[in-house]
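K.L.:
Return a 3D structure for these sequence lines:
(one chain, ligands or ions: 1)
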Amino acid sequence: MLNFYPGPSKVYPEVRQYLADAYDSSVITLPHRSETFMQLMRATVANLKKKLNIPQDYYIFLASSATECWEIIAQSLTYSHSFHLYNGAFGEKWYQYAHKICPEAQGQEFDPEEPLDVANLEIPESAEVVCITQNETSNGTQLNANTILNLFNKCKDQLLAVDATSSMAGLNLKYIKADIWFASVQKCFGLPPGMAVMVCSPRALYRAKKIDEKNHYNSLVLLYEKMLNYQTSYTPNTLNIYLMYRVLEQRDVIKNIDQHLVQRAQHLYEFFEPFTQFRPLITNPEVRSNTVIALQGPDKLVEEIKKHALANNIQLGNGYGKWARTTFRIANFPAISDTDFDALKDFFVKHYN
Ligand SMILES: *Cc1c(COP(=O)(O)O)cnc(C)c1O
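P.N.:
Numbers count the residues shown, from 1 in each chain. This next block holds a predicted model:
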């Protein structure tokens, strides 16, 4: 089965061997306070920084999901007020989660067809964290590096937090241009679900220490204190840490992966151009995602395409949120090979041209 689902998505084929290696080396039952565990964690953090181009002075933490990262930001980096800019289902969900923890959280929606208008944006003075979604997985839009840079420049005392769940480890993100970045690993990392990576600037850490919130097992200062010794505050997903370490070992540097994905996305949008029964959900090429391609058509046809693809051993992604029935999505993640995409294109040429 070829899997183009945007999460959980295809894992690297090498994961099969790494799972066997984990079992044979008993890494899965490693005590999480042991020297061997700490070595594994240290090597994993080093690989993340090296392979993803994360600044040396940034901090790396592990959590169990991107959703948990939303909560950590609301608990540990916000006194009372975060400001959320969103154009789709994930950004909105983040806002809703934050709102439950910090009732003063404020959300502002923008048009998925338009770039975020940073120049005319009013960031509320009282907001402590500005929250954006780099790649909105629900509708296949993205914020480009320039938009994030301009927004970062506009933030004064505010921290900038970026949900990069469906782009971290796929795109060459400019970590230096924001304070908090996070992603769960079942998307561009090409790993099984159940873990997330959180990347924090020195400024974000300073804020966390100032707020000093310690009411939760996953409070950021507690994660920080444990991470000083390459440990976690809870029994972590050691298997996934090991798999991440191994996958990162064999991975190309992010600059090359980014280049490959951006070219492939460009090519895919061009490929789908001549099809008349469905079209990209987002018409403005400037804001289209490089890692998640959303295609829109009549709901009956969308249903039929997905079933038909499945019968041909191709798993397409369902639509999401308000686009659930009228779109299908195609992940353009690094673990998916060009050969997989050739088969996908053959399917569409053969049946829908
Ligand atoms: C998938 C996704 C999430 C949720 O990830 P979990 O690991 O299920 O918490 C959050 N944000 C974005 C942008 C996503 O694509």
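
K.L.:
what's the burial count for the residue in the stretch 251-353 of the chain that the ligand sits nearest to?
P.N.:
Nearest residue of the stretch 251-353 of the chain to the ligand, counting by Cβ to the nearest ligand atom: Val292, 7.9 Å away. Every C-beta, even on glycine, is put in place using the N, C-alpha and C of the backbone. Val292 is flanked by 31 other residues according to other Cβ atoms under 10 Å.

K.L.:
my guess is it contacts Asn135, does it?
P.N.:
Yes. In this structure, Val292 is within contact of Asn135 by Cβ atoms under 8 Å, at 6.5 Å.

K.L.:
And what about the residue nearest the centre of the chain, helix, strand or coil?
P.N.:
In the chain, the residue lying closest to the centroid (Cα atoms, centre = their mean) is Thr165, at 1.0 Å. Secondary structure, DSSP: H, G, I helix; E, B strand; the rest coil: Thr165 is coil.

K.L.:
quick one, what contacts it?
P.N.:
Gly7, Ala66, Phe90, Asn135, Thr137, Phe182, Ala183, Ser184, Lys187, Ala196 (Cβ atoms under 8 Å, 6 or more residues apart in numbering).

K.L.:
And for Pro103?
P.N.:
Contacts of Pro103 (Cβ under 8 Å, 6+ apart): Ser80.

K.L.:
Could you do Ile211 as well?
P.N.:
By Cβ under 8 Å, 6+ apart, the residues touching Ile211 are Ser76, Leu77, Tyr79.

K.L.:
that older thread, quick one: which of the contacts of Thr165 sit in strands?
P.N.:
Counting by DSSP state E, the contacts of Thr165 place Asn135, Phe182, Ala183, Ser184, Ala196 in strands.

K.L.:
can you list these in TSV and add distance to the ligand, neighbour count and pLDDT?
P.N.:
TSV is the format used below for the ones in strands among the contacts of Thr165 (distance: Cβ to the nearest ligand atom, whole Å; neighbours: other Cβ atoms under 10 Å; pLDDT from 0 to 100):
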residue	distance to the ligand	neighbour count	pLDDT
Asn135	6	28	98
Phe182	9	24	99
Ala183	8	28	98
Ser184	3	26	98
Ala196	6	25	98
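
K.L.:
With distance to Lys50 added, can I get those residues in TSV?
P.N.:
Shown next, in TSV, are those (distance: Cβ to Cβ, whole Å):
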residue	distance to Lys50
Asn135	23
Phe182	19
Ala183	17
Ser184	21
Ala196	19
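
K.L.:
Return the member of those nearest to Leu160.
P.N.:
Within the ones in strands among the contacts of Thr165, proximity to Leu160 (Cβ to Cβ) peaks at Phe182, which comes in at 12.4 Å.

K.L.:
For Ile282, state which of the ones in strands among the contacts of Thr165 is nearest.
P.N.:
Relative to Ile282, and with distances defined as Cβ to Cβ, the nearest of these is Asn135, at 12.2 Å.

K.L.:
Quickly list what that closest one is bridged to.
P.N.:
As for beta bridges, Asn135 partners with Gln142 under DSSP bridges.

K.L.:
filter the contacts of Ile211 to the buried ones?
P.N.:
With burial judged by 16 or more other Cβ atoms under 10 Å, the buried subset of those is Ser76, Leu77.

K.L.:
Just the ones in strands from the contacts of Ile211, please.
P.N.:
Among the contacts of Ile211, no member lies in strands (by DSSP E).

K.L.:
Cross the contacts of Ile211 against helices and list the overlap.
P.N.:
Under the assignment DSSP state H, the contacts of Ile211 contribute Ser76 to helices.

K.L.:
Just give me the least confident of the contacts of Ile211.
P.N.:
In terms of pLDDT, Tyr79 ranks lowest among the contacts of Ile211, with 94.

K.L.:
give me every residue that touches it.
P.N.:
With Cβ under 8 Å, 6+ apart, Tyr79 has these contacts: Glu128, Ile211.

K.L.:
And it, how close does it get to the ligand?
P.N.:
24 Å (Cβ to the nearest ligand atom, to the nearest Å).

K.L.:
For stretch 133-146, list the C-alpha coordinates in CSV.
P.N.:
The C-alpha trace of stretch 133-146 is given here as CSV (Å, rounded to 0.1, in the frame of the first residue of the first chain):
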residue,chain,number,x,y,z
THR,A,133,0.9,27.7,12.2
GLN,A,134,3.7,27.5,9.6
ASN,A,135,2.0,24.8,7.6
GLU,A,136,-1.8,24.5,8.0
THR,A,137,-2.3,20.8,7.4
SER,A,138,-6.1,21.1,7.1
ASN,A,139,-6.1,23.3,4.0
GLY,A,140,-2.7,23.0,2.5
THR,A,141,-1.4,26.6,3.1
GLN,A,142,1.9,27.8,4.5
LEU,A,143,3.5,30.9,5.9
ASN,A,144,6.7,31.7,4.1
ALA,A,145,10.0,32.5,5.8
ASN,A,146,9.6,36.2,5.1
